[in-house]
Each structure stands twice: as C-alpha cells, then as structure tokens.
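*Asks:* curious how this folds, go ahead:
(one chain, ligands or ions: 1)
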Amino acid sequence: MNSIKIPDKCFQCGQPYKKKDADLIREEENLFVFHITCSTCNTSTILDIAVGKDGVLTIGTLTDAGKEDLDKLRQGKIISANDVIEAYVSLKSKGKS
Ligand SMILES: [Zn+2]
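*Replies:* Numbering: from 1, shown residues only. This next block holds a predicted model:
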C-alpha cells in the first residue's frame, strides 16, 4: 500500500476533518478520489490523490456535489472506504500543502 494521506484539515475553514467526512469514490492503481464534506463549514471537496514515482500529488477541487450525490460519483462502484481511510489517517507522515 502506498503511503498516501488525505489532508488533515478543511481547505475552506481550516478545521480538522473527521474520518467520517471522507468517502472514497474511486480507486485505481495510482489514483484515489475522495469526496470530503467538512462537518464544520459544510464545504464539499473532491480530492484527487495521484501516486507517482517521485511522490504524491494531491489536488482538491470544491464541488457542489454533496453526500447525497456520492452514489452517482461512485459510478456504481462500491468500496469499503472506511478501512482505507483509517489506514491513511494513521500514516500521518511529513508534508504540508
Ligand atoms: Zn470547513
């Protein structure tokens, strides 16, 4: 498993994300896509995490799609997101955005 992690805090308000705020909506060999809704300011973000040879590239994009749209975002693919996120959160390595 590559050592990638989701951001610790909200891009918008700076409050720490909670684990339940993030849902994994797509997983490919070198690309992970999360949908995160901040429980503090309610801002939804699509987070693309690309894993390359030289490191991890994280791209956050604000979105209007809320949790109710997750099924559409997933395109029918069901993933056990909690297990994955738990592993990532515990990998609080270096790196700041
Ligand atoms: Zn926020």
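*Asks:* so which residues of this structure form strands?
*Replies:* For the chain, strands defined by DSSP state E occupy the ranges 22-27, 31-37, 44-52, 55-63.
*Asks:* does the ion have contacts with the shortest one?
*Replies:* No - contact between strand 22-27 and the ion, assessed by CB under 5 Å from the ion, is absent, since the two come no nearer than 12.6 Å. Quick note: C-beta positions are derived from backbone N, CA and C, even for glycine.
*Asks:* and the third one, by the same measure?
*Replies:* No - in this structure, strand 44-52 remains apart from the ion according to CB under 5 Å from the ion; the gap is never smaller than 8.9 Å.
*Asks:* quick one: distance of that strand to the chain centre.
*Replies:* Distance, stretch centre to chain centre, for strand 44-52: 6 Å (CA atoms, centre = their mean, to the nearest Å).
*Asks:* which parts of it are buried?
*Replies:* Judged by neighbour count (16 or more other CB atoms under 10 Å), strand 44-52 contains these buried residues: S44, T45, I46, L47, I49.
*Asks:* need those in CSV (columns: pLDDT).
*Replies:* Rendered in CSV, the data for the buried residues of strand 44-52 read as follows (pLDDT from 0 to 100):
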residue, pLDDT
S44, 91
T45, 90
I46, 89
L47, 89
I49, 90
